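Asker: I would like to see how this sequence folds:
(chains A and B, ligands or ions: 1)
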Amino acid sequence: MNRDDFKMFLNNPDLIYFDNGATTFKPNQVINAVVDYYTKYTANAHRGDYDISNKVDTFYEDTRRVVKDFINAKDESEIIFTKGTTDSMNMIVFSFMKYYLQKGDEVLITKAEHASNVLPWFELEKEIGIVVKFIPLDSNYKVTLENIQKVVTKKTKVISLAYVTNVIGDIRPIHEISKFAHQYGMLLVVDGAQSVPHMKTDVLADDIDFLAFSGHKMLAPTGIGVLYGKRRYLEVMKPLEYGGGMNARFESTKDLEYKELPLRLEAGTMNIAGVLGLKAAILYLKNIGLEKIHKYEQELKKYLLERLKEVSNITVYNEKSEAGIVTFNINNIFSEDTSRYLNHYKICVRAGNHCTKMIKDDLGVKNTCRISLYFYNTKEEVDKLIEVLQNSDKIYEIIL
Amino acid sequence: MDNNFKRELMIDNCNNPYHKRKIETKDFIKANTNNESCIDNIDLYVKVENDVIVDAYFDGEACAVTTSATSIMLRKIIGKSLEEARVIMREYFKMINEEDYQDEVLGELNIYQDISKQPSRKKCALLPFQTLEKTFKIYESESCK
Ligand SMILES: Cc1ncc(COP(=O)(O)O)c(C=O)c1O
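Answerer: Predicted coordinates:
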């Protein structure tokens, strides 16, 4: 769908881009929003009394409203702009959890989490003595409520999970997990990096306490992301950054006061172009419809899986997962050699451990190739991939 | 050298590498290839006695270039003195970096002479010797004590 809106396709007519989990292409609508800001009304936000600055202010705050509606938050002040998922996760852990949790409190994650939902917790464990525990994955690498119940104790205070994982592409039963968590007074943190771009997000319906996601994985520019938090939690967050934009006043007597939410958590000049690009990206996605995108990707994935069955010497690791991600290896070939081989035919896939270095314990394999789809991918592209994979006995002739 | 011959030698050493073992043995110096830019992950084990490499082996997962180059490197350096191994290493680095080098020192390792034409493969070809260099450094710092 909609390939004409993407100059990347125009400029790279034979390119097959299957690495949308890493980042996505940007439609003209997003690029134009950024260019307009830099060519028609460049100014800082929250700072000026002149027309173009006022316009930037208005558009910047409009975006907050657009994001709020997009994820169905209650209030605009619950939307904080960040650099991306990683930044948002670090804010959740070091601005909030560091003060909310105490020594011995337990946080549950899984071995399928991305580094940004692992390392901040490991660091906090070192800093204040929380205990990070792993929810066991079932035989399809999924999280079940049953398995969560197995590891929950009286000390469990937080469950922190990706809605959709970036290697397996399973959709976690967040709604169910949320109910369970709240029933026992636990908080639920959700890494939405791989879900928000592909399916409808509803933080109210799922009763999510914190949500992190990145703009660049959903058509927006790099360097812009979102932290959503319930107001009562954001209210007590201790900012990680202090400076302009977030203070209400300060005196030489060191008497000071910070602004109200959300600005208190957005110190310094923010990525304004990114914010404006994010708005265009969300409007673009809404215009197609997230339900339609999700359905299209699922159909394309089903087609991809069916066609992969025709290739004899490959192993697929996540056939049972729901999202548009397929993880595989050509048997006895190192994943990086496979991605180089595919690159020869201008097919972009990601090889490696995908920043999810602990899943190897469960998967039994350290490195894999990952295909991650988006709505602009097509069956024709899948056909081309299959053709190339069917000829992979020539792999070393191509890459060596 | 004929390209087919080079490729065959790489494939042989990749599919059936020499000196690839799983056991962890005492008295071996261990170093790992880990670097940020790639996912090749090889542990190299080297045993040095009186400045002679008496045994060496590797374990891990890596691409065809790194695996084959490690295999060929180990065949080349086992039994050599550290000094001889350093000469091989120096000439190998020169070759990969497209400088003048003495090809007679390198034997089968010469099959990687054109690898720099593919910049993304250059680091794969360098990894085995860079890791060997790490083991030498560990050996030196330990023998100083
Ligand atoms: C599940 C998941 N979480 C977090 C991230 C990190 O996102 P970013 O690099 O935009 O901060 C990614 C990106 O790869 C991801 O896939």
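Asker: contacts only, for the closest residue to B:F5 other than its chain neighbours.
Answerer: Among residues not flanking B:F5 along the chain, B:I111 sits closest, at 7.8 Å (Cβ to Cβ, 6 or more residues apart in numbering or on different chains). (Each C-beta comes from the backbone N, C-alpha and C, glycine too.) Going by Cβ atoms under 8 Å, 6 or more residues apart in numbering or on different chains, B:I111 touches B:M1, B:F5, B:K6, B:L9, B:M10, B:I72.
Asker: among the residues you listed, which ones are in helices?
Answerer: Those of those mapping onto helices are B:F5, B:K6, B:L9, B:M10, B:I72, per DSSP state H.
Asker: with neighbour count and distance to B:T33 added, can I get the residues you listed in a markdown table?
Answerer: Shown next, in a markdown table, are the ones in helices among the contacts of B:I111 (neighbours: other Cβ atoms under 10 Å in any protein chain shown; distance: Cβ to Cβ, whole Å):
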| residue | neighbour count | distance to B:T33 |
| --- | --- | --- |
| B:F5 | 10 | 27 |
| B:K6 | 18 | 23 |
| B:L9 | 18 | 21 |
| B:M10 | 24 | 18 |
| B:I72 | 24 | 16 |
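Asker: and the residues you listed, which is closest to the ligand?
Answerer: B:M10 (32.6 Å; Cβ to the nearest ligand atom).
Asker: test my guess that that closest one contacts B:T70.
Answerer: No - distance between B:M10 and B:T70: 11.5 Å, which falls outside the contact criterion (Cβ atoms under 8 Å).
Asker: how much space between B:G107 and A:G229?
Answerer: Per Cβ to Cβ, to the nearest Å, B:G107 is found 63 Å from A:G229.
Asker: ok, those two, which is more surrounded?
Answerer: Higher neighbour count among B:G107 and A:G229: A:G229, with 29 against 12, using other Cβ atoms under 10 Å in any protein chain shown.
Asker: model confidence score at that one, please.
Answerer: On the pLDDT scale, A:G229 is placed at 98.
Asker: ok, it - contacts?
Answerer: A:G229 is in contact with A:E78, A:I80, A:I92, A:F96, A:D209, A:F210, A:L211, A:M237, counting by Cβ under 8 Å, 6+ apart.
Asker: show me what it is bridged to.
Answerer: A:G229 has these beta-bridge partners by DSSP bridges: A:F210.
Asker: can you tell me how far B:E83 sits from A:Y396?
Answerer: 35 Å.
Asker: of those two, who's got more company?
Answerer: A direct count of neighbours by other Cβ under 10 Å for B:E83 and A:Y396 places A:Y396 higher, at 18 against 9.
Asker: could you measure from that one over to A:V132?
Answerer: Distance from A:Y396 to A:V132, by Cβ to Cβ: 42 Å.
Asker: circling back: could the contacts of A:G229 go into CSV alongside distance to the ligand?
Answerer: Converted to CSV, the contacts of A:G229 look like this (distance: Cβ to the nearest ligand atom, whole Å):
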residue, distance to the ligand
A:E78, 20
A:I80, 14
A:I92, 12
A:F96, 18
A:D209, 17
A:F210, 13
A:L211, 12
A:M237, 19
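Asker: ok, so of those residues, who is nearest chain B?
Answerer: Taking Cβ to the nearest Cβ as the measure, chain B lies nearest A:I92 of the contacts of A:G229, at 25.8 Å.
Asker: near the closest one, how many other residues are there?
Answerer: 30.
Asker: what's the burial count for the residue lying closest to it once chain neighbours are set aside?
Answerer: Using Cβ to Cβ, 6+ apart and skipping residues adjacent in sequence, the residue nearest A:I92 is A:F210, 4.9 Å away. As a burial measure, A:F210 scores 27 neighbours (other Cβ under 10 Å).
Asker: so B:G60 sits in a strand?
Answerer: Yes - membership of B:G60 in a strand is supported by DSSP: H, G, I helix; E, B strand; the rest coil.
Asker: quick one: it from B:T131, how far?
Answerer: Computed as Cβ to Cβ, the B:G60 to B:T131 distance reads 10 Å.
Asker: which neighbours do those two have in common?
Answerer: Residues within reach of B:G60 and of B:T131 at once, by Cβ under 8 Å, 6+ apart, are B:N32, B:T33, B:I42.
Asker: so what does the lengthiest helix in chain B touch, helix or strand wise?
Answerer: Taking DSSP H as the criterion, chain B has its longest helix at helix B:119-144. Contact here means 3 or more Cβ pairs under 8 Å, 6 or more residues apart in numbering or on different chains; DSSP states H and E; on that basis helix B:119-144 packs against strand B:29-32, strand B:41-49, helix B:64-77, helix B:82-96.
Asker: can you list the neighbours in contact with the last one?
Answerer: Read it as helix B:82-96. Contact with helix B:82-96 is made by B:48, B:51-53, B:73, B:76-77, B:80, B:100-103, B:105-106, B:109-110, B:112-113, B:115-116, B:122, B:125-126, B:129, B:132-133, B:136, B:139, as judged by Cβ under 8 Å, 6+ apart.
Asker: mind listing what's buried in it?
Answerer: B:L82, B:E84, B:A85, B:I88, B:M89, B:E91, B:Y92, B:M95, B:I96 (16 or more other Cβ atoms under 10 Å in any protein chain shown).
Asker: identify the residue spatially nearest to the most centrally placed residue in chain B, adjacent ones excluded.
Answerer: Chain B has B:P128 as the residue nearest its centroid, 3.3 Å off, counting by Cα atoms, centre = their mean. Of all residues not flanking B:P128 in the chain, B:T70 sits nearest, at 4.1 Å (Cβ to Cβ, 6+ apart).
Asker: okay, now the one you found: neighbour count?
Answerer: Neighbourhood size, B:T70 [other Cβ under 10 Å]: 30.
Asker: chain center to the longest helix of chain B, what's the gap?
Answerer: Relative to its parent chain, helix B:119-144 has a centroid offset of 8 Å by Cα atoms, centre = their mean, to the nearest Å.
Asker: go on, stretch B:54-70?
Answerer: Counting by Cα atoms, centre = their mean, stretch B:54-70 comes out at 7 Å from the chain centroid.
Asker: circling back: how about the contacts of B:I111 in CSV, adding distance to A:T201 and pLDDT?
Answerer: Shown next, in CSV, are the contacts of B:I111 (distance: Cβ to Cβ, whole Å; pLDDT from 0 to 100):
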residue, distance to A:T201, pLDDT
B:M1, 58, 69
B:F5, 57, 89
B:K6, 53, 89
B:L9, 53, 92
B:M10, 48, 92
B:I72, 52, 96
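Asker: closest one of the residues you listed to chain A?
Answerer: B:M10 (5.2 Å).
Asker: check contacts around the nearest residue to the closest one once chain neighbours are set aside.
Answerer: What sits nearest to B:M10 in space, not counting adjacent residues and going by Cβ to Cβ, 6+ apart, is B:S68, at 4.3 Å. Each residue near B:S68 by Cβ under 8 Å, 6+ apart is listed here: B:L9, B:M10, B:I11, B:D12, B:N13, B:C14, B:P17.
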